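Trainee: Below is the structure, and that's it, no one-letter string:
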(Lines give C-alpha, C1' and ligand atoms only; values in the text may rest on other atoms or scores of the structure.)
Protein backbone atom coordinates (compact mmCIF):
# COMPACT_ATOMS: atom_id res chain seq x y z
CA UNK A 1 0.00 0.00 0.00
CA UNK A 2 1.31 3.41 -0.94
CA UNK A 3 1.77 6.03 1.75
CA UNK A 4 -0.93 8.70 2.00
CA UNK A 5 1.48 11.60 1.28
CA UNK A 6 2.73 9.91 -1.88
CA UNK A 7 -0.83 9.06 -2.92
CA UNK A 8 -1.87 12.70 -2.44
CA UNK A 9 1.13 13.84 -4.49
CA UNK A 10 0.28 11.33 -7.22
CA UNK A 11 -3.37 12.45 -7.34
CA UNK A 12 -2.27 16.08 -7.65
CA UNK A 13 0.25 15.06 -10.30
CA UNK A 14 -2.56 13.53 -12.34
CA UNK A 15 -4.65 16.66 -11.76
CA UNK A 16 -1.80 18.85 -13.06
CA UNK A 17 -1.37 16.59 -16.09
CA UNK A 18 -5.10 16.95 -16.76
CA UNK A 19 -4.65 20.74 -16.76
CA UNK A 20 -1.74 20.36 -19.19
CA UNK A 21 -3.72 18.10 -21.51
CA UNK A 22 -6.82 20.31 -21.43
CA UNK A 23 -4.82 23.47 -22.15
CA UNK A 24 -2.90 21.80 -24.99
CA UNK A 25 -5.97 20.29 -26.67
CA UNK A 26 -7.99 23.50 -26.26
CA UNK A 27 -5.14 25.63 -27.61
CA UNK A 28 -4.58 23.52 -30.71
CA UNK A 29 -8.31 23.21 -31.35
CA UNK A 30 -8.75 26.99 -30.98
CA UNK A 31 -5.98 27.55 -33.51
CA UNK A 32 -7.68 25.20 -35.97
CA UNK A 33 -10.98 27.04 -35.45
CA UNK A 34 -9.22 30.38 -35.98
CA UNK A 35 -7.58 29.21 -39.21
CA UNK A 36 -10.96 28.01 -40.48
CA UNK A 37 -12.70 31.29 -39.58
CA UNK A 38 -15.09 29.89 -36.99
CA UNK A 39 -16.87 32.49 -34.89
CA UNK A 40 -15.38 33.60 -31.60
CA UNK A 41 -17.95 31.92 -29.36
CA UNK A 42 -16.87 28.49 -30.60
CA UNK A 43 -13.49 29.00 -28.93
CA UNK A 44 -15.19 29.35 -25.55
CA UNK A 45 -17.30 26.28 -26.22
CA UNK A 46 -14.18 24.30 -27.09
CA UNK A 47 -12.36 25.40 -23.93
CA UNK A 48 -15.33 24.62 -21.66
CA UNK A 49 -16.01 21.37 -23.47
CA UNK A 50 -12.43 20.09 -23.38
CA UNK A 51 -11.91 21.05 -19.73
CA UNK A 52 -15.28 19.49 -18.89
CA UNK A 53 -14.40 16.23 -20.62
CA UNK A 54 -10.87 15.97 -19.23
CA UNK A 55 -11.82 16.82 -15.66
CA UNK A 56 -15.05 14.86 -15.86
CA UNK A 57 -13.02 11.79 -16.77
CA UNK A 58 -10.46 12.55 -14.05
CA UNK A 59 -13.01 12.98 -11.27
CA UNK A 60 -15.07 9.97 -12.35
CA UNK A 61 -12.02 7.75 -12.02
CA UNK A 62 -10.66 9.34 -8.87
CA UNK A 63 -13.80 10.31 -6.98
CA UNK A 64 -12.68 8.17 -4.04
CA UNK A 65 -9.58 10.37 -3.85
CA UNK A 66 -11.50 13.66 -3.60
CA UNK A 67 -11.14 13.62 0.18
CA UNK A 68 -7.34 13.52 -0.23
CA UNK A 69 -7.49 16.53 -2.56
CA UNK A 70 -9.77 18.42 -0.16
CA UNK A 71 -7.50 17.65 2.80
CA UNK A 72 -4.44 19.05 1.03
CA UNK A 73 -6.34 22.13 -0.05
CA UNK A 74 -7.75 22.69 3.47
CA UNK A 75 -4.24 23.32 4.74
CA UNK A 76 -4.50 26.93 3.61
CA UNK A 77 -7.43 27.48 5.97
CA UNK A 78 -5.04 27.69 8.92
CA UNK A 79 -3.00 30.49 7.37
CA UNK A 80 -3.23 33.98 8.86
CA UNK A 81 -5.60 36.31 7.00
CA UNK A 82 -2.79 38.49 5.60
CA UNK A 83 -1.14 35.40 4.09
CA UNK A 84 -4.41 34.32 2.45
CA UNK A 85 -4.80 37.83 1.01
CA UNK A 86 -1.21 37.92 -0.24
CA UNK A 87 -1.56 34.47 -1.80
CA UNK A 88 -4.81 35.57 -3.44
CA UNK A 89 -3.11 38.65 -4.88
CA UNK A 90 -0.28 36.53 -6.28
CA UNK A 91 -2.85 34.41 -8.08
CA UNK A 92 -5.39 37.06 -9.08
CA UNK A 93 -3.52 40.31 -9.73
CA UNK A 94 -1.83 39.23 -12.98
CA UNK A 95 -5.19 38.00 -14.29
CA UNK A 96 -6.89 41.28 -13.30
CA UNK A 97 -4.14 43.19 -15.10
CA UNK A 98 -5.14 41.47 -18.34
CA UNK A 99 -8.08 43.89 -18.42
CA UNK A 100 -5.68 46.83 -18.23
CA UNK A 101 -2.95 45.41 -20.47
CA UNK A 102 -4.68 42.99 -22.85
CA UNK A 103 -1.75 43.05 -25.26
CA UNK A 104 0.34 41.24 -22.62
CA UNK A 105 -2.23 38.62 -21.65
CA UNK A 106 -0.08 35.59 -22.51
CA UNK A 107 2.73 36.87 -20.25
CA UNK A 108 0.33 37.87 -17.47
CA UNK A 109 -1.19 34.39 -17.49
CA UNK A 110 2.27 32.86 -17.11
CA UNK A 111 3.09 35.37 -14.34
CA UNK A 112 -0.17 34.53 -12.54
CA UNK A 113 0.47 30.80 -12.74
CA UNK A 114 4.09 31.30 -11.70
CA UNK A 115 3.51 33.65 -8.77
CA UNK A 116 0.38 31.83 -7.64
CA UNK A 117 2.02 28.43 -7.51
CA UNK A 118 5.24 29.73 -5.97
CA UNK A 119 3.44 31.73 -3.28
CA UNK A 120 1.25 28.74 -2.45
CA UNK A 121 4.33 26.52 -2.29
CA UNK A 122 6.18 28.86 0.09
CA UNK A 123 3.12 29.49 2.27
CA UNK A 124 2.34 25.76 2.44
CA UNK A 125 5.93 25.15 3.47
CA UNK A 126 5.97 27.93 6.07
CA UNK A 127 2.51 27.66 7.59
CA UNK A 128 1.32 24.12 6.82
CA UNK A 129 4.71 22.38 6.99
CA UNK A 130 4.20 20.78 3.57
CA UNK A 131 6.75 20.78 0.80
CA UNK A 132 4.84 20.34 -2.46
CA UNK A 133 7.74 20.44 -4.89
CA UNK A 134 5.49 19.81 -7.88
CA UNK A 135 3.79 23.13 -7.22
CA UNK A 136 7.18 24.83 -6.98
CA UNK A 137 8.14 23.32 -10.36
CA UNK A 138 4.96 24.54 -12.02
CA UNK A 139 5.48 28.07 -10.75
CA UNK A 140 9.17 28.16 -11.57
CA UNK A 141 8.66 26.71 -15.05
CA UNK A 142 5.88 29.23 -15.78
CA UNK A 143 8.18 32.12 -14.85
CA UNK A 144 11.21 30.69 -16.68
CA UNK A 145 9.32 30.30 -19.96
CA UNK A 146 8.24 33.97 -20.04
CA UNK A 147 11.41 35.05 -21.92
CA UNK A 148 10.72 32.24 -24.42
CA UNK A 149 7.16 33.52 -24.86
CA UNK A 150 8.47 37.05 -25.38
CA UNK A 151 11.00 35.83 -27.95
CA UNK A 152 8.31 33.88 -29.79
CA UNK A 153 5.94 36.85 -29.71
CA UNK A 154 8.35 39.62 -30.67
CA UNK A 155 10.63 38.00 -33.20
CA UNK A 156 10.06 34.41 -34.28
CA UNK A 157 6.30 34.73 -34.91
CA UNK A 158 5.98 38.51 -34.85
CA UNK A 159 3.75 38.45 -37.94
CA UNK A 160 1.80 35.34 -36.93
CA UNK A 161 0.33 36.32 -33.57
CA UNK A 162 -2.07 33.39 -33.66
CA UNK A 163 0.91 31.01 -33.60
CA UNK A 164 2.65 33.07 -30.91
CA UNK A 165 -0.45 32.86 -28.71
CA UNK A 166 -0.79 29.13 -29.38
CA UNK A 167 2.84 28.54 -28.36
CA UNK A 168 2.43 30.68 -25.22
CA UNK A 169 -0.55 28.55 -24.23
CA UNK A 170 1.47 25.41 -24.88
CA UNK A 171 4.13 26.79 -22.52
CA UNK A 172 1.43 26.91 -19.82
CA UNK A 173 0.75 23.28 -20.61
CA UNK A 174 4.46 22.48 -20.29
CA UNK A 175 4.55 24.11 -16.85
CA UNK A 176 1.71 21.97 -15.52
CA UNK A 177 2.98 18.84 -17.25
CA UNK A 178 6.41 19.30 -15.63
CA UNK A 179 4.92 19.52 -12.14
CA UNK A 180 2.55 16.63 -12.83
CA UNK A 181 5.26 14.27 -14.05
CA UNK A 182 7.44 15.17 -11.07
CA UNK A 183 4.58 14.48 -8.65
CA UNK A 184 3.83 11.09 -10.17
CA UNK A 185 7.34 9.73 -10.57
CA UNK A 186 9.46 11.31 -7.86
CA UNK A 187 8.87 9.32 -4.69
CA UNK A 188 10.18 11.35 -1.81
CA UNK A 189 8.71 11.96 1.58
CA UNK A 190 6.56 15.03 1.87
CA UNK A 191 7.57 16.99 4.90
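Mentor: Thanks, I have the structure now. Just so we're clear, the structure is a prediction, and the values are computed from it rather than from any experiment. Numbering: from 1, shown residues only.

Trainee: Residue 167 versus residue 25, what's the distance?
Mentor: Using Cβ to Cβ, to the nearest Å, residue 25 is found at 15 Å from residue 167. For every residue, glycine as well, the C-beta is placed using N, CA and C.

Trainee: Could you do residue 32 as well?
Mentor: Taking Cβ to Cβ, one finds residue 32 at 15 Å from residue 167.

Trainee: Repeat that for residue 120.
Mentor: 26 Å.

Trainee: Can you tell me the number of residues neighbouring residue 14?
Mentor: Neighbour count of residue 14, defined by other Cβ atoms under 10 Å: 16.

Trainee: Now do the SS call for it.
Mentor: helix (DSSP: H, G, I helix; E, B strand; the rest coil).

Trainee: try the one 3 residues further on
Mentor: Following three-state DSSP, we place residue 17 in the helix state.

Trainee: and the nearest residue to it once chain neighbours are set aside, what element?
Mentor: Spatial nearest neighbour of residue 17, excluding adjacent residues (Cβ to Cβ, 6 or more residues apart in numbering): residue 180 at 3.6 Å. Assigned by DSSP states H and E, residue 180 falls within helix 161-185.

Trainee: Does anything pack onto that helix? Which helices or strands?
Mentor: helix 4-35, helix 105-127, helix 133-144, helix 146-151 (3 or more Cβ pairs under 8 Å, 6 or more residues apart in numbering; DSSP states H and E).
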